[in-house]
Every structure is written in structure tokens, then in C-alpha cells.
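J.: Predicted model, plus sequence, below.
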Amino acid sequence: MFDFLSKYLEQFYRPEERAALEVQIQDFSGEKKIENCKVLDATPVFRNTLNKYLPLFKANIDLTVGYGGNVPFDAEIITFLKKSGIKTVENGKSSESFDFILDCAGANADIEVKYGVSELTRSGFYHYQQKNKKVFLADSGKIKTIETALGTGEGFFRAMKKLGLAEMKNKNILLLGCGKVGFGVAMYCLDAGANVYAVDDWQNRPVPPMFHAVSRFDRNKINSLLDDAYCVITATGIYGSLTETLDLQKLVNSNALIANIGVEDEFGGLITPSRILNANRPLNFILDEPTHLKFIDPTMALHNAGMLELLKNTDGENFIIPSEKLNDYYLNIVRKHGIINSDLEKLEKYSCKR
């Protein structure tokens, strides 16, 4: 399966676009600790995701690909996997147990797992808080900033271009949530000449340059910004988080575009999907490649590496944060062999210290 998939992906990607995964293919070759393990991988399934499976097949892992539920996917790629003989299952629906689950947004939090879970997203952390499972939090490392800030931000802007909505010069953007994802979206909006009003809890955090910081507790200010907003973008990553933040009815009746860039319904089901771009699904997932491979490559490698980290941390706390050493390992690889150094300069420009 490794040889088959490698040959297929040669048509679309260069090795330098997956620099971290290229090294991981060698690292995982003959890795006895995970050989023949049963693994469920629920990374959003798109064509570039197939690169993530190469190190897993190189390690002779028994792979099942999870898809659906709250996690977006490309139906054509699922069909390709099935025709290729790669096992698939709907997220949350498997009756099997696994040695490891490489999860996304906690979609498989109720599935039995032997060694633990490597979770891709911050929103997934909340799903695992009440579960007695070992969880490696791939989102907690600085590697994830490359995907979430640069990759998701750039994907958001490509999606707006596809919809003919990317002309933002001197327009007001109301951004609800300014973590790594929101910060990335803000960077690309600022580059397009927009005025960005970023809503978050700024009490113990520095305000990034060129942002208009708005406290998430200042409901009157947030509602007043709806009057002149070109687009309202949700990026808190928490279900229903906006129900107490702003007047949802005023938002619905406003002229503002509404876009969601996360997998959770931050409106708590109180706004009809038809009022929101891409029917309240993450906006960048209208694209064939929601996040370019060069941005998601180190994150996918870190997500895979979570299996070995789980084996190292059998005692102690249930939640495992990626070490500086592990983050730096993959970051140094993409700096040396990848093609994102010019993109990393954007993070420095906007002082993204995350």
C-alpha cells in the first residue's frame, strides 16, 4: 500500500511540500513499537491527507480511516480509499477497539482505545476532558501554528476569493475568537487592507499590532460593530460560545456576511445554516485543498508522532503536551527542506508569539 500510494501522490505533490512527513517515513520504517498496531485516523480526509498515511503504511500499521460526523471530508477521496482497499469507517461508528486513535475534534472520543489518543484540535480537548484516556494534544505545540495560523488563514482567504468576496480594503471585519486560527485569518484580512476588530478575552494577553482589540465581555460594543461589519467570522472553536457574546438576531438581520472557520457550531444551532457561508461548515472546506500541504505537513507528522509519545508517557497526567524538542525537530526539518520560510516571515511581521 505504501508503494501504491506513493506512486499516486507523485502526480500532485513534490517531496519538499511534505518535508516533515518525508523524514517521518524514514523514522517510522521498521519502528517495532507501533508495527502491526490497529490505528484509527480521523484527520479530515482530502487528497493532501493521503500523504499522512505514508509513514503509517511504512510502519506496517493496520490503518482504518475515519470520516464524517462533524469532520469535513472529500467524498471522492473516500471512494478512492475504498476502491484502493484502505479500510474506512464513519467517525464515532466503529464497534472495534484500536491501539491508537489519531482523532480530530473528539469525533471518536467514545471508541475504545488501548494506548491512547493523539488529538489534532483544541476543540477536541473539550471532548476528552471527561474521558479517562491518555491524550496527546498536537494542537498545543508551536508546530500547529503553521497549520492553524498560516494554513487556515490562507485557506480562508482562498475560499473568499473563490466566492468573489475577497475585496476587503477599508472594510470592517469582526472576528470572534483570536486564538491561532483567528489570528491567522486576521493576518490575511489585514494584508488585504481590512480593519480587523478582534473579540477575545484580552485581560492577560498582549494585543497584536494593527488589531482593534474588543473584550468578549463588552456585548454592547460587539453589537454596535455589527452595523458596519462586512463580514463576521467565528473562530472560538467552542460549541454555542457566541450565544452570550452578541445579539444573534441582530446578526441575522444585518448586512454582514457570516463565516465559520472551525468545525464546531459556535451559534449553538440558533442560526439557520443557509444564513452562513458554506452552510456553517468551515469556509476553507469549499476548496479542493482546504489547507495547502506545505502548511499541514508538520502538523500531520506531529499528529502521527503522538503514538510514540503516548508509549513514552504511560504514567502521570492524562493530557500530554508536545515537548519543545519534538516541536523543534519537525520545525527544523521544514525550515531546512521545506518551502514555507517566506510564509513564516508573515508570523514575524504580525508578532505571532504562539
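T.: Alright, I've got the coordinates.

J.: Quick check: residue 85 touching residue 1?
T.: Yes - between residue 85 and residue 1 a contact is recorded at 7.4 Å, counting by Cβ atoms under 8 Å. All C-beta spots, glycine's among them, are computed from the backbone N, C-alpha and C.

J.: domains for this protein, by residue range?
T.: The chain breaks down by automatic domain parsing into domains covering 2-144+290-349, 149-280.

J.: related to what we said a few turns ago, who has more neighbours, residue 85 and residue 1?
T.: Taking neighbours as other Cβ atoms under 10 Å, residue 85 and residue 1 compare with residue 1 leading, 15 against 8.

J.: Can you tell me the closest non-neighbouring residue to that one?
T.: residue 57 (4.8 Å; Cβ to Cβ, 6 or more residues apart in numbering).

J.: tally of neighbours for the one you found?
T.: By the criterion of other Cβ under 10 Å, residue 57 has 18 neighbours.

J.: Tell me the secondary structure of it, please.
T.: Taking DSSP: H, G, I helix; E, B strand; the rest coil as the rule, one finds residue 57 in the helix state.

J.: ok, now which ones touch it?
T.: 1-2, 5, 63 (Cβ atoms under 8 Å, 6 or more residues apart in numbering).

J.: Residue 55 too?
T.: 21, 24-25, 27-28, 301, 304.

J.: which stretches of this protein aren't confidently modelled?
T.: Applying pLDDT under 70 to the chain flags the ranges 351-354.

J.: Do a quick rundown of the strands in it.
T.: 38-41, 62-67, 87-90, 98-103, 113-119, 135-137, 172-176, 195-200, 212-215, 229-234, 257-260, 319-320 (DSSP state E).

J.: helices or strands next to the shortest one in the packing?
T.: If you count contacts as 3 or more Cβ pairs under 8 Å, 6 or more residues apart in numbering; DSSP states H and E, strand 319-320 packs onto strand 135-137, helix 293-312.

J.: now what about it, what contacts it?
T.: Applying Cβ under 8 Å, 6+ apart, the external contacts of strand 319-320 come out as 125, 128, 134-137, 306, 309-310, 313.

J.: Need these in CSV (columns: distance to residue 345).
T.: Below are the contacts of strand 319-320 laid out as CSV (distance: Cβ to Cβ, whole Å):
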residue, distance to residue 345
125, 30
128, 35
134, 37
135, 33
136, 30
137, 27
306, 29
309, 30
310, 34
313, 35
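
J.: Which entries within those residues meet the buried criterion?
T.: The neighbour-count test (16 or more other Cβ atoms under 10 Å) applied to the contacts of strand 319-320 identifies 125, 128, 134-137, 306, 309-310 as buried.

J.: and which of those residues is nearest residue 280?
T.: residue 125 (21.6 Å; Cβ to Cβ).

J.: Isn't the closest one up against residue 136?
T.: No - when contacts are counted by Cβ under 8 Å, residue 125 is not listed as touching residue 136 (11.0 Å).

J.: tell me, what's touching these two both at once?
T.: Counting by Cβ under 8 Å, 6+ apart, the residues touching both residue 125 and residue 136 are residue 119.

J.: Can you tell me which of the helices and strands packed on strand 319-320 is nearest to residue 263?
T.: helix 293-312 (14.9 Å).

J.: Restricting to C-alpha, output that closest one in PDB.
T.: Coordinates of each C-alpha in helix 293-312 appear next as PDB, following Å, rounded to 0.1, in the frame of the first residue of the first chain:
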ATOM      1  CA  LEU A 293       0.100  20.500   2.100                       C
ATOM      2  CA  LYS A 294       3.100  22.700   2.900                       C
ATOM      3  CA  PHE A 295       1.300  24.200   5.900                       C
ATOM      4  CA  ILE A 296      -0.300  21.000   7.200                       C
ATOM      5  CA  ASP A 297       2.700  18.700   6.700                       C
ATOM      6  CA  PRO A 298       4.500  19.300  10.000                       C
ATOM      7  CA  THR A 299       1.200  19.100  11.900                       C
ATOM      8  CA  MET A 300       0.300  15.700  10.300                       C
ATOM      9  CA  ALA A 301       3.800  14.500  11.200                       C
ATOM     10  CA  LEU A 302       3.400  15.700  14.800                       C
ATOM     11  CA  HIS A 303      -0.100  14.000  15.000                       C
ATOM     12  CA  ASN A 304       1.400  10.700  13.900                       C
ATOM     13  CA  ALA A 305       4.300  11.100  16.300                       C
ATOM     14  CA  GLY A 306       1.800  11.300  19.100                       C
ATOM     15  CA  MET A 307       1.600   7.500  19.100                       C
ATOM     16  CA  LEU A 308       5.300   7.200  20.200                       C
ATOM     17  CA  GLU A 309       4.800  10.000  22.700                       C
ATOM     18  CA  LEU A 310       1.800   8.100  24.300                       C
ATOM     19  CA  LEU A 311       4.000   5.000  24.700                       C
ATOM     20  CA  LYS A 312       6.600   7.100  26.500                       C
END
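
J.: Centre of the chain to it, how far?
T.: Here helix 293-312 is found 13 Å from its chain centre; the criterion is Cα atoms, centre = their mean, to the nearest Å.

J.: Use 42 as the first number from now on
T.: Yes, from this point I'll number from 42; that puts the last item at helix 334-353.

J.: Check which residues of that helix are buried.
T.: Buried residues in helix 334-353, counted by 16+ other Cβ under 10 Å: 334-352.

J.: How about stretch 208-223?
T.: Judged by neighbour count (16+ other Cβ under 10 Å), stretch 208-223 contains these buried residues: 209, 213-223.

J.: re the thing from before, adding distance to residue 200, write the strands of the chain out as JSON lines.
T.: Converted to JSON lines, the strands of the chain look like this (distance: least, Cβ to Cβ, whole Å):
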{"stretch": "strand 79-82", "distance to residue 200": "25"}
{"stretch": "strand 103-108", "distance to residue 200": "21"}
{"stretch": "strand 128-131", "distance to residue 200": "25"}
{"stretch": "strand 139-144", "distance to residue 200": "25"}
{"stretch": "strand 154-160", "distance to residue 200": "25"}
{"stretch": "strand 176-178", "distance to residue 200": "27"}
{"stretch": "strand 213-217", "distance to residue 200": "14"}
{"stretch": "strand 236-241", "distance to residue 200": "17"}
{"stretch": "strand 253-256", "distance to residue 200": "23"}
{"stretch": "strand 270-275", "distance to residue 200": "11"}
{"stretch": "strand 298-301", "distance to residue 200": "8"}
{"stretch": "strand 360-361", "distance to residue 200": "32"}
